[in-house]
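[1] fold the stuff below for me.
(chains A and B)
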Amino acid sequence: MKSLEFTIHARLEGALGRTGTIVTPHGSIETPAFIPVGTKATLKALTPEQLQATGAQAVLVNAYHLYLRPGHELIDRAGGVHEFMNWDGPSFSDSGGFQVMSLGVGFKKVVDMDGAPDVQATKKKDKLAWIDDNGVRFKSHLDGSMHYFTPELSMQIQHGIGADITFAFDELTTLFHDYNYQVESLEQRTHPWAVRSLAEHKRLNEERSHRPPQALFGVVQGADYEDLRRQCARFLGGMDFDGYGLGGALRKSNIGNNVRWMCEELPEDKPRHMLGISEPDDIFDCIENGADTFDCVSPARVGRNGALYTKNGRVNITRSEFKEKFESFDADCDCYACTNFTAAYLHHLFKSGELLANTLATIHNERFIVRLVDDIRASIANGTFYDYKKSFLSTYYTPTSAKPQ
RNA sequence: GCUGGAAUCGUGUAGUGGCAAUCACAGGAGACUGUAAAUCUCCCGCCUUUCGGCUUCGUAGGUUCGAGUCCUACUUCCAGCA
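    Got it, this is the predicted structure:
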């Protein structure tokens, strides 16, 4: 059994976009596809059946969180994450590289992707991770205990978890780091760590032949610098990865170019996964420039916080205007929430702090993004991608993209 | 009827002689991109775009340089006793 096969079907004229099929030991993924994130082996507020009903083809879990709790050995003893969480479709696991940044930079808030200088300053006392060229020292956010991650440990964790597609351990820099730091990060950490991740991954796939073979994606970094992005993509593209993660610090207004820089250098016949992106305008730009799959926590998180996607942009269902709107929140949506409940009821659930609010909002948002990417895939197949993109974005308002650059 | 206690923002409270309005809830709005997130931020007496201005501690008096705070009466509520 091969760990992964990728077949390209249709191509986007005049750009790098394409449709395809990724085949894993747990089933296939039609690409482009949106992959919801279930960090701790669950998409918050949803059962696997509810997640599947959104049209999600796969789920992405996180090595750092599952290592801390319940532990990757435990998940291995449980028969792997598919058995453990009762998800029998394809799965991804992130390496923990994101936590190197989010815990290490010391931001309690998500770093502004446009690098706005007014982002809350780092407080050293909040810092929970310290990086060196061999790995990263972490302070657990759960109990303060110290841990040390290396590329090898990340791969061991990810093999214990047993997701179909794993990611190399990388350093996710931010736009606040200067050019010299980005170079140092690539040359001394992300590149050597990719080599070490791949070696350990191959060793583990052989050692653990009783388990389905896992695939490994190298992760391209380089922030917003074209030369670094191309250099990193060439370096990793020359290695024996099953696919590639497109990661790192991205300037929203330049995201399409950034993805193009990478995808022009990467081998065409391997899938490319865009890490942490789900805003519709970004998805269009990334797919157009060669990205195949996406994962992101945003639909789930903003949904739990009361923001629901519509064709006009995100809308806060907690707004008082929905108090007596006794009709579907989104008549265009075919999700369980929109076809069975009124906007007034969703509003009530949120104002009351009811748990069902989280479930229904998550179902709606995941369905919205999954369906959007499905529609984009169809538009590439039938040659209407550019029309669809123009049409969709003409009415879609993105708060972050409206910010002055 | 008697005795005691209480009355402060929509609600519950803090403030016990020195620029009233603390905290929470409720309410209003915003944010969220490889999940330290069912979280966070802002507003929340009135007027003002801002700066700022004005009002207000149940009611009416009194003491005091100064009263939400002390005193008197009244009103209402609560508790106990009749």
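[2] need the contact list for the nearest residue to residue A:91 once chain neighbours are set aside.
    Of all residues not flanking residue A:91 in the chain, residue A:163 sits nearest, at 4.1 Å (Cβ to Cβ, 6 or more residues apart in numbering). (Each C-beta comes from the backbone N, C-alpha and C, glycine too.) The neighbours of residue A:163, taking Cβ atoms under 8 Å, 6 or more residues apart in numbering as the test, are A:60-61, A:81, A:91-93, A:214.
[3] again with residue A:338
    Residue A:338 is in contact with A:328-331, A:364, counting by Cβ under 8 Å, 6+ apart.
[4] thinking again about what came up before, from RNA strand B, how far off is the residue nearest to residue A:91?
    12 Å (Cβ to the nearest atom of the strand, to the nearest Å).
[5] with residue A:368 instead?
    For residue A:368, the distance to RNA strand B equals 14 Å [Cβ to the nearest atom of the strand].
[6] for residue A:73, which non-adjacent residue is closest in space?
    If the residues on either side of it in the chain are set aside, residue A:73 comes closest to residue A:160, at 5.8 Å by Cβ to Cβ, 6+ apart.
[7] save the contacts of residue A:163 as JSON lines, and put in neighbour count too.
    Shown next, in JSON lines, are those (neighbours: other Cβ atoms under 10 Å):
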{"residue": "A:60", "neighbour count": "26"}
{"residue": "A:61", "neighbour count": "26"}
{"residue": "A:81", "neighbour count": "25"}
{"residue": "A:91", "neighbour count": "28"}
{"residue": "A:92", "neighbour count": "27"}
{"residue": "A:93", "neighbour count": "27"}
{"residue": "A:214", "neighbour count": "26"}
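[8] just those now: which is nearest RNA strand B?
    RNA strand B has its nearest neighbour among the contacts of residue A:163 in residue A:60, at 6.0 Å by Cβ to the nearest atom of the strand.
[9] and the contacts of the helix or strand encompassing residue A:218?
    Following DSSP states H and E, one finds residue A:218 within strand A:215-220. Applying Cβ under 8 Å, 6+ apart, the contact partners of strand A:215-220 are A:3-4, A:24, A:95, A:97, A:155, A:164-168, A:170, A:190, A:194, A:197-198, A:201, A:229, A:232-233, A:236, A:239, A:241-248, A:262, A:266, A:271, A:273, A:275.
[10] ok, stretch A:313-323 next?
    For stretch A:313-323, contacts defined as Cβ under 8 Å, 6+ apart pick out A:302, A:306-309, A:329, A:343-344, A:346-347, A:350-351, A:361, A:396-399.
[11] can you tell me which of those residues are in strands?
    If you go by DSSP state E, the contacts of stretch A:313-323 have A:307-309 in strands.
[12] nearest to RNA strand B, of those residues?
    The closest of the ones in strands among the contacts of stretch A:313-323, once distances to RNA strand B are taken by Cβ to the nearest atom of the strand, is residue A:307, at 3.3 Å.
[13] spatially, what comes nearest to that closest one if we skip its sequence neighbours?
    Nearest residue to residue A:307 in three dimensions, chain neighbours excluded: residue A:314, at 4.5 Å (Cβ to Cβ, 6+ apart).
[14] part of a strand, is that neighbour?
    Yes - checked against DSSP: H, G, I helix; E, B strand; the rest coil, residue A:314 lies within a strand.
[15] now the helix-or-strand element of chain A with minimal mean pLDDT: how far from the chain's centre is it?
    Within chain A, no helix or strand scores below helix A:97-104, which has a mean of 88 by mean pLDDT, DSSP states H and E. Relative to its parent chain, helix A:97-104 has a centroid offset of 14 Å by Cα atoms, centre = their mean, to the nearest Å.
[16] pLDDT value on residue A:176, please?
    In the predicted model, residue A:176 carries a pLDDT score of 89.
[17] for chain A, what's the longest helix?
    Secondary structure of chain A per DSSP state H: the longest helix is helix A:355-381.
[18] for that helix, buried residues please.
    For helix A:355-381, a neighbour-count test (16 or more other Cβ atoms under 10 Å) marks A:357-374, A:376-377, A:379-380 as buried.
[19] try stretch A:268-280
    By neighbour count with 16+ other Cβ under 10 Å, stretch A:268-280 contains the buried residues A:270-280.
[20] closest one of these to residue A:255?
    Nearest to residue A:255, judged by Cβ to Cβ, of the buried residues of stretch A:268-280 is residue A:277 at 7.6 Å.
[21] pretty sure that closest one sits against residue A:284.
    No - between residue A:277 and residue A:284 there is no contact under Cβ atoms under 8 Å: 10.8 Å.
[22] from the buried residues of stretch A:268-280, which land in strands?
    Among the buried residues of stretch A:268-280, the residues falling in strands (DSSP E) are A:272-275.
[23] for the stretch 301-405 of chain A, what lies in contact range of RNA strand B?
    Counting by Cβ under 7 Å from any atom of the strand, the residues of the stretch 301-405 of chain A lying close to RNA strand B are A:301-302, A:304-307, A:314, A:316, A:318-321, A:323, A:351, A:353, A:355, A:358, A:398-401.
[24] now, which of the ones in strands among the buried residues of stretch A:268-280 lie close to RNA strand B?
    residue A:275.
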